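K.L.:
Dropping the sequence and predicted coords here.
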Amino acid sequence: MTRARPGERGQATILLIGVLVVVVVIAAALIELGAEGTRRGRLQAVADLTALAAVHASDDGAGVARRNGAAVVSIDRGGDGSVTVVVESDGRRAVASAA
């Protein structure tokens, strides 16, 4: 076994700390990426539900969006009975159509 040269003791500790910092940063980025996908999917579900409510109910669907934490940006009604809805929450928008 070789002996450590003077001034080289503890280098493995520094290297291990550096590797752990990189792993923690990558894990945090992956967690945030997953959370963003979840938020986007939830907002799309709210848009879909709002469009269906606007087509099948007497109201315009804004109440459905509001109860689910989103605001209706626009509701466009087509001549064939279809509806296109844009909802927004936390600066993100989602579009859905229903007939």
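P.N.:
Nice, thanks for sending it over. Residues are numbered from 1 along each chain as shown.
K.L.:
Run through the chain and note the low-pLDDT ranges.
P.N.:
1-8, 58-59 (pLDDT under 70).
K.L.:
hey, where'd the helices end up in it?
P.N.:
11-56, 62-67 (DSSP state H).
K.L.:
helices or strands up against the shortest one?
P.N.:
Looking back up the chat, that one is helix 62-67. helix 11-56, strand 71-77 (3 or more C-beta pairs under 8 Å, 6 or more residues apart in numbering; DSSP states H and E). For glycine as for every other residue, the C-beta is placed from the backbone atoms N, C-alpha and C.
K.L.:
related to what we said a few turns ago, select, out of the helices of the chain, the one closest to A96.
P.N.:
Ranking the helices of the chain by proximity to A96 (C-beta to C-beta) places helix 11-56 first, at 3.8 Å.
K.L.:
Now do that closest one against strand 71-77, angle only.
P.N.:
40 degrees (axes from the mean of the first three to the mean of the last three C-alpha atoms, to 10 degrees).
K.L.:
related to what we said a few turns ago, output the helices and strands packed on helix 62-67 as CSV; include the columns distance to V83.
P.N.:
As requested, those are exported to CSV (distance: least, C-beta to C-beta, whole Å):
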stretch, distance to V83
helix 11-56, 4
strand 71-77, 6
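K.L.:
Tell me which of these sits nearest to G63.
P.N.:
helix 11-56 (7.8 Å).
K.L.:
which other helices and strands contact that closest one?
P.N.:
Applying 3+ C-beta pairs under 8 Å, 6+ apart, one finds that helix 11-56 makes contact with helix 62-67, strand 71-77, strand 83-89, strand 92-98.
K.L.:
hang on, the earlier thing: tabulate the helices of the chain in a markdown table, adding columns for mean neighbour count.
P.N.:
Conversion of the helices of the chain to a markdown table gives the following (neighbours: other C-beta atoms under 10 Å):
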| stretch | mean neighbour count |
| --- | --- |
| helix 11-56 | 13 |
| helix 62-67 | 17 |
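K.L.:
closest one to I75 among those?
P.N.:
helix 11-56 (5.8 Å).
K.L.:
Figure out which of the helices of the chain is closest to D90.
P.N.:
Of the helices of the chain, nearest to D90 by C-beta to C-beta is helix 11-56, at 7.3 Å.
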